[in-house]
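Colleague: Provide a 3D model corresponding to the input given below.
(one chain, ligands or ions: 4)
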Amino acid sequence: MSARACATGVAYLAKERAAAIEAVESASRVCKAVFKKLVTDETLTKKDKSPVTVADFSAQAVVNSIIEKHFPDDAIVGEEDAKDLRGDEGRALREKVVDLVNSTTKHPMSADEILRAIDRGQYAGGPTGRHWALDPIDGTKGFLRGEQFAVCLALIIDGKVRLGVVGCPNLPYNISKPDEERGVLAVAVEGQGAFQRKLGTDQSAETRISVSNVMETRDASFCESVEAAHASHSDNAKIAALLGISKQPVRMDSQCKYVAVARGDADIYLRLPTSNTYVEKIWDHAAGNVIMQEAGGRVSDIEGKELDFSIGRTLSANKGVVAAGAGIFDTVIAAVKTTLANKR
Ligand SMILES: Nc1ncnc2c1ncn2[C@@H]1O[C@H](COP(=O)(O)O)[C@@H](O)[C@H]1OP(=O)(O)O
Ligand SMILES: [Mg+2]
Ligand SMILES: [Mg+2]
Ligand SMILES: [Mg+2]
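Modeller: Ligands and ions are numbered 1, 2, ... in the order given. Prediction:
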């Protein structure tokens, strides 16, 4: 039991952990329902993003209402807001969201309750107190392709991520058996280790996960974004060359990348900035961050600085993200610095 276990013997954040898992499980079901109902060959060929919009709003409504049920005083930093669902202009989308939310939950919610739940996610974040960080669907492009996406929820207390849950409905439970059942839930609480279970199972099905223990970078592999606009593939290739890496990078969308590295499917998470202007959002990294660290990995920005979740809704003190096992982390950061210095 963690050093923070309280006198009653209940583990630190046990209630929050259970509530976060309930929320991520429910939102994962919403996303799967949207995919089944709304993602068709036609939406794909027309590159119509409306299914993901419905899923974003519906999943945020479901997660926020579950958090509110368990912790009515907690603030939430959520990616979405309900502006586009209001008024006459928002009617069509609003009706779809209301239908979806109510087709997947036991307790029907009115349109007003759903909009209010979504807008609970507008908190500004900051260095004190507790707030949740939610990405209702991370990896929207992967979602639409039927590939990797994730529902990501974290709890930040006094500026540090203490709990993270990532639901990955399309991730194989065992990466070496990609044709078997898919759907993984990864969870970590500060000081208690990182775990995975199949989505839809209970805590008794959890097994501990840890990063690979690779000691030589030439034996390692990268995990990087599918989208070259989100993380520079060309810089990653230069770093790979410097590190003697010959394995092809594993590419996938979303925070599933953190889960993949946290359980040793790949060894290095690399997200090198593609522009000087993009600022990373806390909901894109909070849950993955604590899962990686609790799996024995180290996480920093491209300069080796810890990610600072205490500033607000963004990671404005950091650029890019690098994560790897402790055995190779310093070598990876040195190669990142050299590669970026040579560009200047
Ligand atoms: N230029 C960018 N650099 C880094 N991340 C980005 C950029 N543009 C969008 N993103 C974010 O990257 C995340 C997906 O990353 P990945 O490629 O790892 O799946 C999304 O949350 C997306 O945010 P948004 O939701 O605003 O589109
Ligand atoms: Mg995201
Ligand atoms: Mg999102
Ligand atoms: Mg988005």
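Colleague: Quick one: residues contacting the residue of the chain found nearest ligand 2.
Modeller: As assessed by CB to the ion, ligand 2 sits closest to Asp138 within the chain, at 3.6 Å. Just so you know, the C-beta spots here come from the backbone N, C-alpha and C atoms, and that holds for glycine as well. Asp138 sits next to Phe149, Ala150, Val151, Cys152, Asp253, Ser254, Gln255, Trp283, Asp284 when contact means CB atoms under 8 Å, 6 or more residues apart in numbering.
Colleague: Check whether Gly312 really touches Ala124, as I assumed.
Modeller: Yes - contact criterion CB atoms under 8 Å: Gly312 and Ala124 qualify, at 5.6 Å.
Colleague: Which stretches in the stretch 201-344 of the chain count as strands?
Modeller: Assigned by DSSP state E, counting those that start in this stretch, the strands in the stretch 201-344 of the chain fall at 207-209, 222-224, 250-251, 268-271, 297-300, 321-325.
Colleague: The longest one: how far from the chain's middle?
Modeller: In this case it means strand 321-325. Put simply, strand 321-325 sits 15 Å off its chain's centre (CA atoms, centre = their mean, to the nearest Å).
Colleague: So it, near ligand 2 or not?
Modeller: No - if you take CB under 5 Å from the ion as the test, strand 321-325 misses ligand 2, and the best it gets is 12.7 Å.
Colleague: Run through who's touching that strand.
Modeller: 211-214, 220, 258, 261, 267-271, 280, 285, 292, 296-302, 304, 307, 329, 332-333, 336.
Colleague: Of these, keep whichever come out buried.
Modeller: 211-212, 214, 220, 258, 261, 267-271, 280, 285, 292, 296-302, 307, 329, 332-333, 336 (16 or more other CB atoms under 10 Å).
Colleague: ok so, going back, which ones among the contacts of Asp138 lie within helices?
Modeller: Judged by DSSP state H, helices contain none of the contacts of Asp138.
Colleague: which of those lies closest to Ser275?
Modeller: When the contacts of Asp138 are compared for distance to Ser275 (CB to CB), Asp284 wins out at 15.4 Å.
Colleague: can you pull the contacts of the closest one?
Modeller: Neighbours of Asp284 in contact, by CB under 8 Å, 6+ apart: Asp135, Asp138, Cys152, Gln255.
Colleague: and these near ligand 1, which?
Modeller: Asp138 (CB under 6 Å from any ligand atom).
Colleague: got TSV for the contacts of Asp284, with pLDDT too?
Modeller: As requested, those are exported to TSV (pLDDT from 0 to 100):
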residue	pLDDT
Asp135	98
Asp138	97
Cys152	98
Gln255	98
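Colleague: Can you tell me which of the contacts of Asp284 is nearest Gly244?
Modeller: Gln255 (27.8 Å).
Colleague: Now do the contacts for Gly296.
Modeller: Contacts for Gly296 (CB under 8 Å, 6+ apart) come out as Ser210, Val211, Gly325, Ala326.
Colleague: quick one: which of those has the most company?
Modeller: The most crowded member of the contacts of Gly296, judged by other CB atoms under 10 Å, is Val211 (27 neighbours).
Colleague: I figured that one hits Gln293, correct?
Modeller: No - using CB under 8 Å, Val211 is not in contact with Gln293; the gap is 9.7 Å.
Colleague: Next one: the closest residue to ligand 3 within the stretch 101-250 of the chain from Gly296, what distance?
Modeller: Nearest residue of the stretch 101-250 of the chain to ligand 3: Asp135, at 4.5 Å (CB to the ion). Asp135 is 24 Å from Gly296, where distance means CB to CB, to the nearest Å.
Colleague: Can you report phi and psi for Ala188?
Modeller: Main-chain torsions, Ala188, degrees, to the nearest 10: phi -150, psi 140.
Colleague: what pairs with it across the strands?
Modeller: Gly164, Ala194 (DSSP bridges).
Colleague: Counting neighbours, which bits of stretch 119-129 end up buried?
Modeller: Here stretch 119-129 shows Asp119, Arg120, Gly121, Tyr123, Gly125, Gly126 as buried, counting by 16+ other CB under 10 Å.
Colleague: now, which of these sits nearest ligand 1?
Modeller: Of all the buried residues of stretch 119-129, Gly121 has the smallest distance to ligand 1: 13.5 Å, by CB to the nearest ligand atom.
Colleague: The closest one against Ala59, yeah?
Modeller: No - the pair Gly121 / Ala59 is not scored as a contact, 11.1 Å apart, by CB under 8 Å.
Colleague: Point out where the chain drops to low pLDDT.
Modeller: Low-confidence segments of the chain (pLDDT under 70): 1-7.
Colleague: Ligand 3 contacts on the stretch 1-150 of the chain?
Modeller: Counting by CB under 5 Å from the ion, the residues of the stretch 1-150 of the chain that sit close to ligand 3 are Glu79, Asp135, Ile137, Asp138.
Colleague: cool, the stretch 201-344 of the chain as well?
Modeller: So the stretch 201-344 of the chain never meets ligand 3 (CB under 5 Å from the ion).
Colleague: Spell out which residues of the stretch 201-344 of the chain are next to ligand 1.
Modeller: Counting by CB under 6 Å from any ligand atom, the residues of the stretch 201-344 of the chain that sit close to ligand 1 are Ser225, Glu227, Ala229, His230, Asp253, Ser254, Thr274, Ser275, Tyr278, Asp284.
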